[in-house]
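> Pasted the sequence and its predicted model underneath.
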Amino acid sequence: MPNPKQLNIQPKRILVITLRYLGDTLLVTPLLGSLKQAYPDAQIDVLLPTGNAGMLEGNPHVHRLIAIPSKPGAFAFIKLLLSLFRGYDLAISTQAGDRPTLIAATAGKTSIGFVPDNAGKAWWKKRLLTSWLVFGANYDHAVLENLRFCELLNIEPCYRLTPPRSSTPLPLPPATPYAVLHIMPQWRYKQWHADGWRQLVEFLNQQGYQIVLTGSGGERQALQNLQQPFPTDTLNLAGQLSLAQLTDLIAGATLFIGPDTGITHLAAATGTLTFALFGPTDPKKWAPWPCGYADNQAPFASRGSGQVNNVCLIQGQMESGCVPCQLEGCDRHRDSHSACLDQLSAERVIALIAKALSDQRLETGR
């Protein structure tokens, strides 16, 4: 069936559905900003997993968060659908999965969403939705994928990410200047080696930066073990901050360094100089979105390191040319190692960081 190209509507109640990971929640905020810019009087609600709600704390574009378990049972899901039935003028599913599509089609008098690039699986979703986009048809950055809905709605896109905001001060502000290191990604295949982090900490300490470690509560003990050779004034705040407080912490830092994780996306959104260590993941699709970047082209290519605005992408290299493979490590599972990150030397990372810091000093005159 043909897909309508544009919809000319003036919704008063909008539901945006984002049911994946923490970083995906942040990457949907440009779409939220675009909707609020186009429909300033509209009430915009967001349906998302309970564990991701903190990423939208204090978001000025959101009226209400509807938080649900990440994997609700069949009865709970049906109850959710009944509670949302035709409650919104417009419902948008930002993922091509079955459940997000069903929610959008049920909740919205007008519903739009992504469908998979597979005719056999997409037909029923196309019938349920008022209008749809093929997910990944142009293989673009996740921010730009979400902003494709603006074309369907005939509204102007807003490219800025909106990090969470907190009214609660940091419990223990670090001394300045300081560097924030987010060492532990959610999955092993995105992790840089411990020896590299130790050498990097030694370099940053020599440059006069206090080291601040962040992570989840479950990572606190692993970080304590790793930080034994670190300077004695190293501050381990893993598990002690909300996402909004973490935003404030990173915003006050001179630099942030982290792997391919949602917190690295958050760091980039604060405007702080952010170094992202990438291995198997394709930067064209998933690199942190630079603060102030407003273009309909992805900020980074699939291959190569470089800097755009406040984001410095450092990509692992392999002689085989397999980076980025877009696979879950060399052993094809989330607890796998990734040779491209194992072989990313501390010397190369430190040299790139030193250059970016030097360039920043020249620009600011400090």
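Okay, I see it.
> what's the least confident helix or strand in the chain by mean pLDDT in contact with?
None of the helices or strands of the chain scores lower by mean pLDDT, DSSP states H and E than helix 119-128, at a mean of 85. For helix 119-128, the external contacting residues (CB atoms under 8 Å, 6 or more residues apart in numbering) are 1, 3, 96, 98, 101-102, 105, 111, 113, 115-116, 132, 134. For the C-beta atoms, the positions are set from N, CA and C on the backbone; glycine is no exception.
> And the residues you listed, which is closest to residue 224?
Nearest to residue 224 out of the contacts of helix 119-128 is residue 96 (CB to CB; 40.6 Å).
> Can you get me a residue count around that closest one?
21 (other CB atoms under 10 Å).
> how near is it to residue 202?
Noted for residue 96: a distance of 45 Å to residue 202, by CB to CB, to the nearest Å.
> again, but for residue 352
In this view, residue 352 and residue 202 are 16 Å apart by CB to CB.
> same question, residue 341
Noted for residue 341: a distance of 20 Å to residue 202, by CB to CB.
> So which of the two has more stuff around it?
The neighbour comparison of residue 341 against residue 202 (other CB under 10 Å) goes to residue 341, with 26 against 16.
> Next, please give the residue ranges for the strands of the chain.
13-17, 43-49, 64-68, 88-93, 108-115, 131-134, 178-181, 210-213, 235-236, 255-259, 273-278, 306-308, 311-315 (DSSP state E).
> I'd like these as a markdown table, with distance to residue 220 and mean neighbour count appended.
Formatted as a markdown table, the strands of the chain follow (distance: least, CB to CB, whole Å; neighbours: other CB atoms under 10 Å):
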| stretch | distance to residue 220 | mean neighbour count |
| --- | --- | --- |
| strand 13-17 | 33 | 23 |
| strand 43-49 | 23 | 21 |
| strand 64-68 | 25 | 15 |
| strand 88-93 | 36 | 27 |
| strand 108-115 | 37 | 23 |
| strand 131-134 | 41 | 20 |
| strand 178-181 | 14 | 26 |
| strand 210-213 | 9 | 22 |
| strand 235-236 | 7 | 18 |
| strand 255-259 | 16 | 26 |
| strand 273-278 | 21 | 26 |
| strand 306-308 | 32 | 18 |
| strand 311-315 | 26 | 24 |
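> Just send those back as CSV, with distance to residue 358 and mean pLDDT too.
Formatted as CSV, those follow (distance: least, CB to CB, whole Å; pLDDT from 0 to 100):
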stretch, distance to residue 358, mean pLDDT
strand 13-17, 41, 98
strand 43-49, 40, 98
strand 64-68, 42, 97
strand 88-93, 44, 98
strand 108-115, 43, 96
strand 131-134, 43, 93
strand 178-181, 15, 98
strand 210-213, 20, 96
strand 235-236, 25, 94
strand 255-259, 12, 98
strand 273-278, 12, 98
strand 306-308, 12, 97
strand 311-315, 12, 98
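> Make TSV out of those strands and add distance to residue 191.
TSV is the format used below for the strands of the chain (distance: least, CB to CB, whole Å):
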stretch	distance to residue 191
strand 13-17	31
strand 43-49	23
strand 64-68	29
strand 88-93	32
strand 108-115	30
strand 131-134	33
strand 178-181	13
strand 210-213	14
strand 235-236	18
strand 255-259	6
strand 273-278	9
strand 306-308	22
strand 311-315	14
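> Mind listing what's buried along the least confident helix or strand of the chain?
Residues 122, 125-126, 128 are the ones in helix 119-128 that count as buried (16 or more other CB atoms under 10 Å).
> okay, the angle between it and strand 88-93?
Counting by axes from the mean of the first three to the mean of the last three CA atoms, to 10 degrees, helix 119-128 points 170 degrees away from the direction of strand 88-93.
> how about the CA coordinates for helix 119-128, as PDB?
Coordinates of each C-alpha in helix 119-128 appear next as PDB, following Å, rounded to 0.1, in the frame of the first residue of the first chain:
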ATOM      1  CA  ALA A 119       8.200  -6.600   3.200                       C
ATOM      2  CA  GLY A 120       7.100  -9.900   4.800                       C
ATOM      3  CA  LYS A 121       7.200  -8.500   8.300                       C
ATOM      4  CA  ALA A 122       6.100  -5.000   7.700                       C
ATOM      5  CA  TRP A 123       2.700  -5.400   5.900                       C
ATOM      6  CA  TRP A 124       0.600  -5.400   9.000                       C
ATOM      7  CA  LYS A 125       2.400  -2.500  10.600                       C
ATOM      8  CA  LYS A 126       1.800  -0.400   7.400                       C
ATOM      9  CA  ARG A 127      -1.900  -1.200   7.700                       C
ATOM     10  CA  LEU A 128      -2.100  -0.200  11.300                       C
END
